[in-house]
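Participant: how does the following fold in three dimensions:
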Amino acid sequence: MTETAPVRTALTVEATGLVKRYGRTAAVDGIDLAVGPGVLGLLGPNGAGKTTLLRMLSTVLAPDSGSLRLLGRDPGVPQERVEVRRRLGYLPQNPRLYPSFTPLELVDYVAVLKEHTDVAWRRRECTRVLESVGMGDRMHHRIRTLSGGMQQRVALAAALLGSPELLLLDEPATGLDPEQRLELRSLLATSAQRGTVVLSTHNTGEVAALCHRVAVMREGRVWFLGTPAELIATAEGRVWESEDPDPTALRTWMTAAGTYRHIGAPPAGADLVAATLDDGYLLVSAGHQ
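Facilitator: Next up, the predicted model:
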């Protein structure tokens, strides 16, 4: 069940005409985005520009053009960028951890980089975030001895350090089992009560369960921005099932029951069925709304 969005209205992310190019390719191509408190889910196929957008929001990459304000500050100004970094948490898609560190040492190192100088506070906070992701009993083990899922949780703990006002997560559920995914949802719902979470994922189930708003990206642009219910509504009246494949459909696939589900322009007399978030996403990501 989706949590109720926080009442606060201040914008955390304000992007206008944001562009990032790699050679002749525009990975992000003129994005306008305004994000407030709550959870925003980023959906889109591989190569849509989600990771590049998150890297700019995390101040890892500078945009080639356009304007960007994070937490009311301009990350293009060095002093303001430092302030932004103290207040955000970032989990990259493929976090690289120091294998000879322990989880406690790694998270403490991140705290030092954020210029937290109170040693006692750092110890308490590092322990808190590691326990929150279920790594309290492994915090003194070397990272190289941990499984991939455990290492992902250590990286998540580092992102949660200091209860960030802006939390940016790129495929955070990678390597997590179903129980850990549920725990992650609870953590992110709690984080959203304190600020803003931007979550990039390929899992529409996570978006349906957790996100207050969803953005669908395609070819470096945002093709849809609204609530999950509004994304579902884009496919209403455009989903039908039949005993055989329909060559006129935009997308067709076989269901577990052995029937065929279609999205697109239904033929006359089609057996229309209720749309889902997957249906809305497939329509938008294919360029059809």
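Participant: measure G148 to V197 for me?
Facilitator: Applying Cβ to Cβ, to the nearest Å, the value for G148 to V197 is 23 Å. For every residue, glycine as well, the C-beta is placed using N, CA and C.
Participant: number of nearby residues for D74?
Facilitator: Number of residues near D74 (other Cβ atoms under 10 Å) recorded here: 13.
Participant: got a list of what it touches?
Facilitator: By Cβ atoms under 8 Å, 6 or more residues apart in numbering, the contact set of D74 is L68, E80, R81.
Participant: most neighbours, which of those?
Facilitator: L68 (22 neighbours).
Participant: which of the helices or strands spans that one?
Facilitator: Under the criterion of DSSP states H and E, L68 resides in strand 65-70.
Participant: let me know the average pLDDT across that strand.
Facilitator: What strand 65-70 shows for mean pLDDT is 97.
Participant: and what of stretch 230-240?
Facilitator: Per-residue scores along stretch 230-240 average to 97.
Participant: what about the helices in this protein?
Facilitator: Using DSSP state H, the helices of the chain run over residues 50-57, 78-87, 103-113, 119-132, 148-160, 178-194, 204-210, 228-233, 277-285.
Participant: show me the contact partners of stretch 253-260.
Facilitator: Outside stretch 253-260, the residues within contact range by Cβ under 8 Å, 6+ apart are E241, S242, E243, D244, P245, D246, T252, R261.
Participant: again, only using 6 Å
Facilitator: E241, S242, P245, T252, R261 (Cβ atoms under 6 Å, 6 or more residues apart in numbering).
Participant: return the residues in contact with the first one.
Facilitator: Okay, so that is E241. E241 touches T259, R261, D271, V273, counting by Cβ under 6 Å, 6+ apart.
Participant: now, which of the residues you listed sits nearest P92?
Facilitator: R261 (34.8 Å; Cβ to Cβ).
Participant: pull the number of nearby residues for that closest one.
Facilitator: Counted with other Cβ under 10 Å, residues neighbouring R261 total 20.
Participant: do the same with the one 3 residues further on
Facilitator: When counting by other Cβ under 10 Å, one arrives at 19 neighbours for G264.
Participant: show me the shaky parts of the stretch 1-150 of the chain.
Facilitator: 1-9 (pLDDT under 70).
Participant: any chance of the helices of the chain in JSON lines, plus distance to G17?
Facilitator: Formatted as JSON lines, the helices of the chain follow (distance: least, Cβ to Cβ, whole Å):
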{"stretch": "helix 50-57", "distance to G17": "12"}
{"stretch": "helix 78-87", "distance to G17": "20"}
{"stretch": "helix 103-113", "distance to G17": "31"}
{"stretch": "helix 119-132", "distance to G17": "36"}
{"stretch": "helix 148-160", "distance to G17": "28"}
{"stretch": "helix 178-194", "distance to G17": "27"}
{"stretch": "helix 204-210", "distance to G17": "26"}
{"stretch": "helix 228-233", "distance to G17": "24"}
{"stretch": "helix 277-285", "distance to G17": "22"}
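Participant: deepest of those helices, which one?
Facilitator: Most buried of the helices of the chain, by mean neighbour count (mean count of other Cβ atoms under 10 Å): helix 50-57, with a mean of 24.
Participant: may I have that helix as CSV, with CA atoms only?
Facilitator: Provided in CSV are the C-alpha atoms of helix 50-57 (Å, rounded to 0.1, in the frame of the first residue of the first chain):
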residue,chain,number,x,y,z
LYS,A,50,18.0,7.5,-16.0
THR,A,51,21.5,6.9,-14.6
THR,A,52,23.0,10.0,-16.3
LEU,A,53,20.2,12.1,-14.8
LEU,A,54,20.8,10.6,-11.3
ARG,A,55,24.5,11.3,-11.6
MET,A,56,23.8,15.0,-12.3
LEU,A,57,21.3,15.2,-9.4
